[in-house]
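Enquirer: With the input below, show me the fold.
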Amino acid sequence: MKAKGVFSPEDNFEDHRLFCYGTNHRVAKLSFRETFYLGHEELLSVLPKVSGSHQVSELAVLSTCNRFEMYGVLSDHVPSQRERLDHVCTDLLRHANKTTIPKLSELTPQIYCLTGDDAVSHGFAVASSLDSLVVGETQITGQFKDAFQIARQANTLGPRLHFLSQQALRVAKRIRNQTGISQKVVSIGHAALDLAKRVFGNLSEQQVLIIGAGEIAKTTAKYAKKQVKDIHILNRTLAHAQALVEELGLGYAGSLDALAEKLTSADIVVTGITTAKPIITAELMKDVMMRRRNRPLFIVDIGLPRNVEPECEAFEQVYLFEIDDLRQIVDENLEERKSSFQDAKQIILDSLDLFRAKRRYENFSSTFSEFRQYVYGIVERETTKSTRDFTEEQKISLEMMARSVAEKMTADFVCALKKSEKDEAKREVVNFMQNMMTKSLLGAKRERGVWGGEGKACPERSRRVAPPGEFMEEPAAQFPPNHLLAPSGL
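Expert: As a prediction, the model looks like this:
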């Protein structure tokens, strides 16, 4: 299934071992997405366990209120890739001791699995906030960076994912600087209060309760400061709530111990803290509404997992909205920045071409370096065998000459190949070089008597020795080695 995101290029990236597997606000409801949420400490614990057990050589997880995405590289390419990633996903949740783990059959319609170019361009769009609920918001860029930092700490970040993350962050910076996508953007907090304004009209006589003291709480509080009568801020850590109130220059700061009291007096509640289970339960709401004498209470729950039990909506005069209910407001805001959105899409497509070119160059350079060492190894072995009866001075002279010839040959060859504009020709040559080096390694193992597994001697074979003056004819190397024409992408 394709992600209902921004891009799906026709020319897929060549190495489909690179993947992005996940769900987001475009394809799944909040009730499904919240079962996948994993915090920082959980990821540090589960990433190494899962990466090592599913032939996933690299793995990073981006987990936010609007998306859960695994970025990774499989150790090999298999036809049942999607099935394998389904198991990787459920194992992540199992190792995190999640109480609710979706059945594999439930994943298909609400999960996308992208590979190659599709995965790369989607990662660019995510880091640039083009795939966010609020297009142009900057928080996702930091969350994207943090996801790969966590993978580094968990030792599941390899060179390919590192390269992807660095390029994605560069693209995000370029889009922010070269387009107007982040100008006049409506944040989640803005959208929550704008939704309240559509219900109450003027907010100047309303008391707002904000639960949380993170980035979303800060933007909500700063926006509310200009419009409402009073602001109360509650947080698990009282010091953080107090710091936010001090920054605002007004309001009340308290801990969650004051939740029932502040729910009783508030008109508008915006809650968005990370919690394992809802902090506003139906039982609590029943008591609160009795104290309020059924005075209307407007609640916007932007937390994931949800902060408010869905059953609270059943109470008369309780108006409960969740993060997915803000879509209409943010879509209206995006319409005003449509041209900037198109400019940003073009930057991503251009950056994808650059990404391919850089990866190809790195792939070629790596093979060239290995080939150079391969040739030098042959020179060293052959000169050592041929100079046993030479004086030390003669040995040094011959070794220098042989190494100089090898260096000149490989340098000219590599230079000519790099100048070639035909990527297909480069791929064929690179694959031929890799094939040749592999055959040489296998031949060396046979010479050492290691074959068919560690410690197993190769069977005795008759070997004809060429008489003096006659050369043994080696089988012609296949060029290009069609059976090994593996893509040279990631």
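
Enquirer: so residue 277, which of the three states?
Expert: coil (DSSP: H, G, I helix; E, B strand; the rest coil).

Enquirer: Let me know how buried it is, in neighbour terms.
Expert: By other C-beta atoms under 10 Å, 10 other residues sit near residue 277. C-beta coordinates here come from the backbone N, C-alpha and C atoms, glycine included.

Enquirer: thought residue 372 was touching residue 409?
Expert: No - using C-beta atoms under 8 Å, residue 372 is not in contact with residue 409, being 9.8 Å away.

Enquirer: The two: who's more crowded?
Expert: Relative neighbour count places residue 372 above the other of residue 372 and residue 409, with 17 against 12, counting by other C-beta under 10 Å.

Enquirer: Can you pull out the residues in contact with the helix or strand harbouring residue 219?
Expert: For residue 219, the host element (DSSP states H and E) is helix 215-225. The contact list for helix 215-225 (C-beta atoms under 8 Å, 6 or more residues apart in numbering) reads 139, 187-190, 192-193, 203, 208, 210-211, 231, 233, 235, 244, 247-248, 250-251, 270, 272, 302.

Enquirer: Next: stretch 382-401.
Expert: Here stretch 382-401 makes contact (C-beta under 8 Å, 6+ apart) with 379, 380, 402.

Enquirer: what about 6 Å?
Expert: With contact meaning C-beta atoms under 6 Å, 6 or more residues apart in numbering, stretch 382-401 is reached by residue 402.

Enquirer: buried sites along it?
Expert: Within stretch 382-401, the residues scored as buried using 16 or more other C-beta atoms under 10 Å are 383, 387, 395, 399.

Enquirer: Residue 138 versus the last one, what's the distance?
Expert: To residue 138, residue 399 is 59 Å away according to C-beta to C-beta, to the nearest Å.

Enquirer: need the buried residues of stretch 382-401 in TSV with distance to residue 42, secondary structure and pLDDT, can you?
Expert: TSV is the format used below for the buried residues of stretch 382-401 (distance: C-beta to C-beta, whole Å; DSSP: H, G, I helix; E, B strand; the rest coil; pLDDT from 0 to 100):
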residue	distance to residue 42	secondary structure	pLDDT
383	57	helix	76
387	61	coil	74
395	61	helix	78
399	57	helix	78
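
Enquirer: how about JSON lines for the residues you listed, with distance to residue 108 added?
Expert: Output for these, formatted as JSON lines (distance: C-beta to C-beta, whole Å):
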{"residue": "383", "distance to residue 108": "61"}
{"residue": "387", "distance to residue 108": "66"}
{"residue": "395", "distance to residue 108": "67"}
{"residue": "399", "distance to residue 108": "62"}
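
Enquirer: before we move on, the earlier item: which ones among the contacts of helix 215-225 lie within strands?
Expert: Within those, residues falling in strands by DSSP state E are 208, 210, 211, 231, 233, 235, 270.

Enquirer: Can you get me a residue count around the fourth one?
Expert: For residue 231, the count of nearby residues is 23 (other C-beta under 10 Å).

Enquirer: Next one: it, what pLDDT does it get?
Expert: With respect to pLDDT, residue 231 has a value of 95.

Enquirer: Return the set of residues that bridge with it.
Expert: Judged by DSSP bridges, the bridge partners of residue 231 are residue 208.

Enquirer: Residue 189 versus that one, what's the distance?
Expert: Counting by C-beta to C-beta, the gap from residue 231 to residue 189 is 12 Å.

Enquirer: now the last one
Expert: When C-beta to C-beta is applied, the distance between residue 270 and residue 189 equals 7 Å.

Enquirer: Isn't residue 406 up against residue 377?
Expert: No - judged on C-beta atoms under 6 Å, residue 406 makes no contact with residue 377 at a distance of 9.7 Å.

Enquirer: The two: which has the busier surroundings?
Expert: Of the pair residue 406 and residue 377, residue 406 is the one with more neighbours under other C-beta under 10 Å, namely 18 against 14.

Enquirer: what's the distance between the helix or strand the more buried one falls within and the middle of its chain?
Expert: Assigned by DSSP H and E, residue 406 belongs to helix 392-419. Distance of helix 392-419 from its chain centroid, counting by C-alpha atoms, centre = their mean, to the nearest Å, is 43 Å.

Enquirer: Quick one: residues contacting the residue lying closest to residue 180 once chain neighbours are set aside.
Expert: Nearest residue to residue 180, sequence neighbours excluded (C-beta to C-beta, 6 or more residues apart in numbering): residue 340, at 4.1 Å. With contact taken as C-beta under 6 Å, 6+ apart, residue 340 is in contact with 179, 180, 181.

Enquirer: Only alpha carbons, please: show stretch 315-326 as CSV.
Expert: Extracted C-alpha coordinates of stretch 315-326, given in CSV (Å, rounded to 0.1, in the frame of the first residue of the first chain):
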residue,chain,number,x,y,z
PHE,A,315,-21.5,13.6,29.2
GLU,A,316,-23.9,16.3,28.3
GLN,A,317,-22.2,19.7,27.8
VAL,A,318,-18.8,18.1,27.3
TYR,A,319,-17.4,18.9,23.9
LEU,A,320,-14.4,16.6,23.3
PHE,A,321,-12.2,17.0,20.2
GLU,A,322,-9.1,15.1,19.3
ILE,A,323,-6.1,15.9,17.1
ASP,A,324,-7.7,14.5,14.0
ASP,A,325,-10.6,17.0,14.4
LEU,A,326,-8.2,19.9,13.7
